[in-house]
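Peer 1: give the three-dimensional model of this entry:
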Amino acid sequence: MSRRLVLALAGLLVAAPAVAQAPYWPPIPPPRAEPVPPPPGERLTWQPGHWQWEGREYVWVPGRWIERPAPHLQFVPGHWAWRPTGGWVWIPAHWR
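Peer 2: Predicted coordinates:
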């Protein structure tokens, strides 16, 4: 093969469009049932456990009691939501 032909073929390989591949994450595991212990205080709200992605796998984050920052706020548990542009995303627990 001539040097020009080799360089031309190499140029084609470099210029070839890359095949885009969507990232893959395994399906979200089913929720775990966990017992809710009695609250250790009056201003506490139960934050349920949830699955969290740790780069290679999902790990279970157990539930816990958290303090309510103000009496008028409502706790919204963390949840998975579908986003057409990003797939399933975790919406962390928050107060509103």
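Peer 1: list the contacts of residue 66.
Peer 2: Taking C-beta atoms under 8 Å, 6 or more residues apart in numbering as the criterion, residue 66 is in contact with 44, 45, 46, 47, 75. Every C-beta, even on glycine, is put in place using the N, C-alpha and C of the backbone.
Peer 1: so what's residue 81 closest to, chain neighbours aside?
Peer 2: Excluding its sequence neighbours, the residue lying closest to residue 81 (C-beta to C-beta, 6 or more residues apart in numbering) is residue 91, at 5.3 Å.
Peer 1: about what we covered before: so which of the contacts of residue 66 wins on neighbours?
Peer 2: Highest neighbour count within these: residue 47, with 17 neighbours (other C-beta atoms under 10 Å).
Peer 1: can you tell me the closest non-neighbouring residue to that one?
Peer 2: Residue 47 sits nearest to residue 66 (C-beta to C-beta, 6+ apart), 4.9 Å away.
Peer 1: sec struct for that neighbour, please.
Peer 2: Three-state call for residue 66 (DSSP: H, G, I helix; E, B strand; the rest coil): strand.
Peer 1: now it: how far from residue 94?
Peer 2: 11 Å (C-beta to C-beta, to the nearest Å).
Peer 1: state the distance from the nearest residue to residue 64 once chain neighbours are set aside to residue 94.
Peer 2: If the residues on either side of it in the chain are set aside, residue 64 comes closest to residue 47, at 5.6 Å by C-beta to C-beta, 6+ apart. According to C-beta to C-beta, residue 47 stands 10 Å off from residue 94.
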